[in-house]
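> below is the sequence, then the predicted model.
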Amino acid sequence: MTPSALSTAIRACLRDAVAAGDLAVSVPEEIRVERPRQREHGDWATNVALQLAKAAGRPPREVAELLAARLGEVPGVKSVDVAGPGFVNITLDAAAAGELARDIVEAGSGFGRTQGGAGQRVNLEFVSANPTGPLHLGGTRWAAVGDSLARIIAATGADVTREYYFNDHGAQIDRFARSLLARARGQEAPEDGYGGQYIADIAARVIADAAAAGEPDPLGLPEAEAQEVFRARGVDLMFDEIKTSLHDFGVDFDVYFHENDVHTSGAVDRAVTRLRELGHIDDADGAVWLRSTALGDDKDRVIIKSDGEAAYFAGDLAYYLDKRERGFDRVVIMLGADHHGYVGRMMAMCAAFGDTPRENLEILIGQMVNLVRDGQPVRMAKRAGTIVTMEDLVDAVGVDAARYALARSSVDSTIDIDLDLLVKRSNDNPVYYVQYAHARISGIVRNAGAAGVAMADAFDPALLDDDTEAVLLAALGEFPRVIAQAAELREPHRVARYLEELAGRFHKWYDTCRVTPRGEDPVTDTHRTRLWLAEATRTVLGNGLDLLGVSAPERM
RNA sequence: GCGCUCGUAGCUCAACGGAUAGAGCAUUUGACUACGGAUCAAAAGGUUGGGGGUUCGAAUCCCUCCGAGCGCACCA
C-alpha cells in the first residue's frame, strides 16, 4: 500500500465517522502521512487528529481513537496505535507493503514521476555568469543545483526550460577586452581588469586565430579596433569554454539568451512603453525611472540614464517581459547571495507588469561557496587569478562527486570546500555510499542469475516480513513525495538526503536478508521475492541519482 | 546607519510547526568461512548563539540582543 493510498483510506475513515455522527468537522482535502522517526512507531503515522481536535471540540486522543478504530478495519492495515498527544501510528501487512516492490519494478524509470506540475511552463535561469572568466566554484554550485532542480521539476510533469543569460553588453566586457589586449602586448592587466593564466591563453588564441584566418595582426590595428577584435573574439572564446565546461559537467542549457539582443531588438523600448502605459514610469532629471517604491522597492530605479543609455536594469525588464511573452507562466531565477539586493526591484518590476510576485517570478537566493585551505578561508579574486574553477573541482574529484557534494546541501547555507581535503579523502563524499548501494545490487542481480534465482518464477510479497524489509519498503514508497516536495520547495538537496537514507536502509537489509541462497541451500520463493525488492531499490536509486545528474554505476 | 541571509555534535551538513534534534567524517569497540567490507553492529559526542513570546507542541513562527556573510549607484 502506498502512502497516497493510505492517505485516501484515512480520509474515507474520517468521512465515515462524520457521516455516522461520531465527529463534527470538515475533513481536510489532504492528509499527511509520514514516516515516524522511531521504527517502533510503525510504518506510517498521521497527526491529523491533533489538527482536527480543536475544530471538533474534542481532546486529540479521542479523535485519534475514533480514527484508529475505523482504520484498523481497512484491508492491508495490520495494526493501528494511538500514541503520545494523539498521533495515529499505522503498521501494514507485509503483503500489502510488499506489493510496492512489484509496482516499482514495473514502473521502472517512471517511478517517482508525478503529474502535480502538469501544464506549468517553467523557465529556470541559472549560472548566467559573465563571460569574463572561467566558471568559479559559485557558478559551479548553481550549475549543479539548477540542473538538478530542472530535472526534479520536470519529474512533476512540468515543462522546464533551462536558460543562461549571457551578459555580453557593458563595461565589464570592455574591461575584459582591455585586459586581453594588455596581456597580448605583454603589459600588466589594467587596474580594474582581469588577471590569471586564462587571459594570456585567450589573448594568444585571438592572435593565432587571426593569423590562421589570414586576417591582419590585431596588435597592429589602431587602439579602438584592436580592442574591438579582442572583445568580440575573446567573449566568443570565453563563452565557448564555459559552455564546454558545463557540458562536461552534464549541464546543457536550452536557451543562451544574449543581453545584447534586448538592446538591439527594441525590446527595452517596448518594455518601457508598456510600463508607461501602465502608469509606472516617471521622467525626472533627464532620466526615465521605474516608480518601484510604490511596489515595495527601497528606491525608484533608473531605466534610461540621462545620457540616453539604457541602465543595466533595463535589460532585466525587457528580458523578463520576453520570457513571459514566450509563454512561461513561472519565471525562476537563481542568484548568488551577492545579488540579493536585486530581489526588491525585480519583484516590483513583476508587479508593475501586472504579474504576481513570487508566483510568476521567483528568485532563489543561494549562499556562497567558501574556499578553504588548511582550515583557513581563501579569498577568490579574478584579478589576482586566485579563482578555483569548475574544472579544478572536477579534476580533483570527478563530476559525480562534485555535483553530488554541491547539490546535497540546502542553498540557504554557505558551504566550505577544501580542495586539498577532497583530493586526499574523496571517499568522504556520501555519493560513494549511494553509488555503492547501486553497484552492489547490480552485483546481486548478476549473481542471482548464476544462482538460478529468477524474478519471473515468483513474487509473494507476504514473504517480505523482515523488519529491515518493512523499513526499506517504507523508504521506497516515499520517493514520489520526496520529488514532489523537492520540486515545490525548489530544494534538490532533499533528493540527495533521501538517497543516502535509502542506501542505508538497503545496506542494513542486505546484511540481514540474503537474495541468493548460501552454498548448496535450495532456491525458495523468498529468494525470488527478495530479488524483486533488490531490483526495486536499484530502480529508485538509479532514478534518484539521475535527478541529480550523477551516474548510477553497475560496478565500482 | 538601513536591509537581506545565516548561526545545530570537534569538522562538513540534515531535520512539511511534531514524538527521544539526525547522518557522514574524525574518536573508541566489535563483525572478515565477504550474494561486493566503498559494508554492518555499538559507544561517545548537543542548553539548536543568548534571552523573552506565540501553542497541545518551537531548531523551525514573532520580538530582542550577540556574532558572521552579503548588499545598499543615472556600475554592470
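Yes, it's here.
> switch to C-alpha atoms for all contacts and neighbour counts from now on
Fine.
> now for the residue in the stretch 301-450 of chain A positioned nearest to RNA strand B: which residues touch it?
When scored by Cα to the nearest atom of the strand, the stretch 301-450 of chain A has A:Ile415 as its residue closest to RNA strand B, at 2.4 Å. Counting by Cα atoms under 8 Å, 6 or more residues apart in numbering, A:Ile415 touches A:Gln367, A:Met368, A:Val369, A:Asn370, A:Ser409.
> burial count for A:Met556?
Using other Cα atoms under 10 Å, the number of residues around A:Met556 comes to 10.
> if we can go back for a sec, now for the contacts of A:Ile415, which pair is the farthest apart?
Maximum pairwise distance among the contacts of A:Ile415 (Cα to Cα): 13.6 Å, between A:Asn370 and A:Ser409.
> which bits of the stretch 201-350 of chain A sit near RNA strand B?
The interface of the stretch 201-350 of chain A toward RNA strand B, taken as Cα under 7 Å from any atom of the strand, is made up of A:284-287, A:301-302, A:304-307, A:310-313, A:337-342.
> which of the residues you listed count as buried?
Taking 16 or more other Cα atoms under 10 Å as the criterion, what is buried in those is A:Ala287, A:Arg301, A:Val302, A:Ile304, A:Lys305, A:Ala310, A:Ala311, A:Phe313, A:Ala337.
> could those residues go into TSV alongside pLDDT and secondary structure?
As requested, those are exported to TSV (pLDDT from 0 to 100; DSSP: H, G, I helix; E, B strand; the rest coil):
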residue	pLDDT	secondary structure
A:Ala287	96	strand
A:Arg301	96	strand
A:Val302	96	strand
A:Ile304	95	strand
A:Lys305	95	coil
A:Ala310	93	strand
A:Ala311	93	coil
A:Phe313	95	helix
A:Ala337	89	helix
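> just the residues you listed now: which is nearest A:Gln172?
Using Cα to Cα, A:Ala311 is the member of those that lies nearest A:Gln172, at 13.8 Å.
> contact partners for that closest one?
A:Val302, A:Ile303, A:Ile304, A:Lys305.
> mind running it again at 6 Å?
A:Ile303, A:Ile304 (Cα atoms under 6 Å, 6 or more residues apart in numbering).
> dihedrals phi and psi, it?
Main-chain dihedrals, A:Ala311, degrees, to the nearest 10: phi -80, psi 160.
> so how far is A:Ile304 from it?
Distance of A:Ala311 to A:Ile304, computed by Cα to Cα, to the nearest Å: 6 Å.
> how about the spatially closest residue to A:Glu99 that is not a sequence neighbour, what does it touch?
Counting by Cα to Cα, 6 or more residues apart in numbering, A:Glu99 lies nearest to A:Pro461, which is 5.7 Å off, once chain neighbours are set aside. When contacts are counted by Cα under 6 Å, 6+ apart, A:Pro461 touches A:Ala95, A:Gly98, A:Glu99.
> need those residues in CSV (columns: pLDDT and secondary structure).
As requested, these are exported to CSV (pLDDT from 0 to 100; three-state DSSP):
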residue, pLDDT, secondary structure
A:Ala95, 91, helix
A:Gly98, 93, helix
A:Glu99, 94, helix
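> could you redo these as TSV and give each row neighbour count?
Formatted as TSV, the contacts of A:Pro461 follow (neighbours: other Cα atoms under 10 Å):
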residue	neighbour count
A:Ala95	17
A:Gly98	29
A:Glu99	20
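> for the residues you listed, which one is nearest RNA strand B?
A:Gly98 (17.5 Å).
> separation between the closest one and A:Leu533?
Distance, A:Gly98 to A:Leu533, using Cα to Cα: 8 Å.
> same deal with A:Glu40?
Distance from A:Glu40 to A:Leu533, by Cα to Cα: 22 Å.
> repeat that for A:Gly195.
Distance from A:Gly195 to A:Leu533, by Cα to Cα: 55 Å.
> the more surrounded of the two?
Using other Cα under 10 Å as the criterion, A:Gly195 and A:Leu533 rank with A:Leu533 on top: 29 against 23.
> verify the contact between that one and A:Arg102 for me.
No: A:Leu533 lies out of contact with A:Arg102 (Cα atoms under 6 Å); the separation is 7.7 Å.
> can you tell me, leaving aside adjacent residues, what's nearest to the residue lying farthest from the centre of chain A?
Going by Cα atoms, centre = their mean, the residue of chain A most distant from its centre is A:Gly220, 48.6 Å out. Nearest non-adjacent residue to A:Gly220, counting by Cα to Cα, 6+ apart: A:Ala226, 7.6 Å away.
> that neighbour: how many residues sit nearby?
Around A:Ala226 there are 17 residues (other Cα under 10 Å).
> which helix or strand contains it?
A:Ala226 is part of helix A:223-248 when elements are defined by DSSP states H and E.
> that helix packs against which elements?
Counting contacts by 3 or more Cα pairs under 6 Å, 6 or more residues apart in numbering; DSSP states H and E, helix A:223-248 packs against helix A:171-184.
> hmm, the helix it packs on touching RNA strand B?
Yes: under the criterion of Cα under 7 Å from any atom of the strand, RNA strand B is reached by helix A:171-184 at A:Ala171, A:Gln172, A:Ile173.
> the spatially most central residue of chain A sits in which helix or strand?
Taking Cα atoms, centre = their mean, the centroid of chain A lies closest to A:Leu149, which sits 2.5 Å from it. Element membership for A:Leu149 (DSSP H and E) is helix A:137-154.
> in the stretch 51-200 of chain A, which spans are helices?
For the stretch 51-200 of chain A, helices defined by DSSP state H, counting those that start in this stretch occupy the ranges A:60-71, A:94-107, A:137-154, A:171-184, A:197-212.
> among the ones you listed, show me which one is buried the most.
helix A:137-154 (a mean of 26; mean count of other Cα atoms under 10 Å).
> quick one: the helix or strand where A:Tyr498 lies to helix A:137-154, angle?
A:Tyr498 is part of helix A:493-512, with elements assigned from DSSP H and E. Helix A:493-512 and helix A:137-154 are oriented at 80 degrees to each other (axes from the mean of the first three to the mean of the last three Cα atoms, to 10 degrees).
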